[in-house]
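J.: Starting from these lines, generate the structure:
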Amino acid sequence: MKMLMAIIDSSRKEELELVLQRAGVQGWTEIPHVRGMGSTGPRLESAAHPGSSAIIQTLVEDERLQPLVEVILSYCGQCSEHIKLLHWDVTMVM
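T.: Residues are numbered from 1 along each chain as shown. Predicted coordinates:
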């Protein structure tokens, strides 16, 4: 099983959630209004550095990971949205 994490501009998170729903993802966890510094510069929700990101995580069976990544990247290509996708192996303990 894999954990897939997407870091996306907060203003685009609802669009990504729709993409996940249409791809058959049944659940995810969202961390809204994430502040930090990255390749797009500071995103600190302040007057000097407006904006924030959102983190959306979901568990995916190994064989579903690549097709889901392709669907998400296709979405990003259509809207020219910058997104970071990461994944790692996880083991369910309960």
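J.: Would you check that residue 13 makes contact with residue 33?
T.: No - the pair residue 13 / residue 33 is not scored as a contact, 9.9 Å apart, by CB atoms under 8 Å. Glycine gets a C-beta too; all of them are placed from N, C-alpha and C.
J.: The two: which is more packed in?
T.: residue 13 (19 against 13; other CB atoms under 10 Å).
J.: C-alpha coordinates for stretch 50-64, CSV please?
T.: What follows is stretch 50-64, C-alpha atoms only, in CSV (Å, rounded to 0.1, in the frame of the first residue of the first chain):
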residue,chain,number,x,y,z
PRO,A,50,0.1,36.0,0.6
GLY,A,51,-1.2,32.6,-0.2
SER,A,52,-0.9,29.1,1.3
SER,A,53,-0.8,25.5,0.2
ALA,A,54,-2.9,22.6,1.1
ILE,A,55,-1.8,19.0,1.7
ILE,A,56,-4.1,16.2,0.6
GLN,A,57,-3.1,12.6,1.5
THR,A,58,-4.7,9.3,0.5
LEU,A,59,-4.0,5.6,0.8
VAL,A,60,-3.7,3.8,-2.5
GLU,A,61,-3.2,0.1,-3.4
ASP,A,62,0.1,-0.4,-5.2
GLU,A,63,-1.5,-1.2,-8.5
ARG,A,64,-3.7,1.9,-8.4
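J.: List the buried residues for it?
T.: Neighbour-count burial for stretch 50-64 flags 51, 52, 53, 54, 55, 56, 57, 58, 59, 60, 64 (criterion: 16 or more other CB atoms under 10 Å).
J.: rewinding a little: what is in contact with residue 13 and residue 33 at once?
T.: residue 54 (CB atoms under 8 Å, 6 or more residues apart in numbering).
J.: Phi and psi next, for residue 17.
T.: Main-chain torsions, residue 17, degrees, to the nearest 10: phi -60, psi -40.
J.: which stretches of the chain form helices?
T.: 13-22, 62-79 (DSSP state H).
J.: what residues are up against residue 37?
T.: So residue 37 contacts residue 43 (CB under 8 Å, 6+ apart).
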